[in-house]
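Novice: here's my sequence, what's the structure:
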Amino acid sequence: MFARTKLPLQQQRVQTIASLFAFNASVTPVRTLVITSMDKWKDCKSYMQLDDKTKAKLVPKPRDGVSTPKEFLSKIGRGCGDVSEKFKSWDHLFQATSEEMADSLAIPVRKRKYILQWREWFKRGLELRAIELPERSKKHLRVKKQVELLRLKKQGLA
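Specialist: Next comes the predicted model:
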């Protein structure tokens, strides 16, 4: 069994968090939780206790060398830096709704969802980093060709 040791409460929390997010070395995780200090953990915990309306209105203070929408969007990657000029300020980046991003700012769906996701994670205290999309397997191309061939046969064109 596990040996119980008397550690300060903060170290116990860190070990518990680390054990919750431990992963098998042979499997590469798509996403890992990165909270570097107990202060950020406390901020995350206090943020999670807020009600939804307060969470939506909350604009976090710039941190980790990120103080403008351009820096924020370029750090999260996936070409989001291209739409940085559409946001007027730091407050506008964190208060713009999904509908506003779609209608008046004309941000594509995938980028909009990714920005909203990172905006929430940043409020919770996670460090900004790019999460690249995994490459799609080649199998879908073969299936796509088969479906197209069947459609053409059905129409009598193949």
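
Novice: quick check: Ser67 vs Ala106, distance?
Specialist: According to Cβ to Cβ, to the nearest Å, Ser67 and Ala106 sit 25 Å apart. All C-beta atoms are positioned from the backbone trio N, CA, C, and that covers glycine.

Novice: before we move on, what about Lys70?
Specialist: Applying Cβ to Cβ, the value for Lys70 to Ala106 is 18 Å.

Novice: where does this protein dip in pLDDT?
Specialist: Applying pLDDT under 70 to the chain flags residues 1-38, 158.

Novice: if we go to 50?
Specialist: By pLDDT under 50, the low-scoring segments of the chain are 1, 17-18, 20-32.

Novice: end to end on stretch 46-57, go ahead and measure it.
Specialist: 15 Å (Cα to Cα, to the nearest Å).

Novice: so how far is that stretch from its chain's centroid?
Specialist: Its chain's C-alpha centre and that of stretch 46-57 lie 18 Å apart, by Cα atoms, centre = their mean, to the nearest Å.

Novice: give the buried residues for it.
Specialist: Neighbour-count burial for stretch 46-57, counted by 16 or more other Cβ atoms under 10 Å, picks out Tyr47.

Novice: now tell me what touches that stretch from outside.
Specialist: Residues outside stretch 46-57 that contact it (Cβ atoms under 8 Å, 6 or more residues apart in numbering) are Leu58, Gln95, Lys123, Arg124, Gly125.

Novice: okay, those in CSV with neighbour count next?
Specialist: Output for these, formatted as CSV (neighbours: other Cβ atoms under 10 Å):
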residue, neighbour count
Leu58, 12
Gln95, 15
Lys123, 19
Arg124, 17
Gly125, 21
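
Novice: among those residues, which two are most distant?
Specialist: Farthest-apart pair in these is Gln95 and Gly125; separation 18.9 Å (Cβ to Cβ).

Novice: higher neighbour count, Lys70 and Ala106?
Specialist: Ranked by neighbour count (other Cβ atoms under 10 Å), Lys70 and Ala106 place Lys70 first, with 16 against 10.
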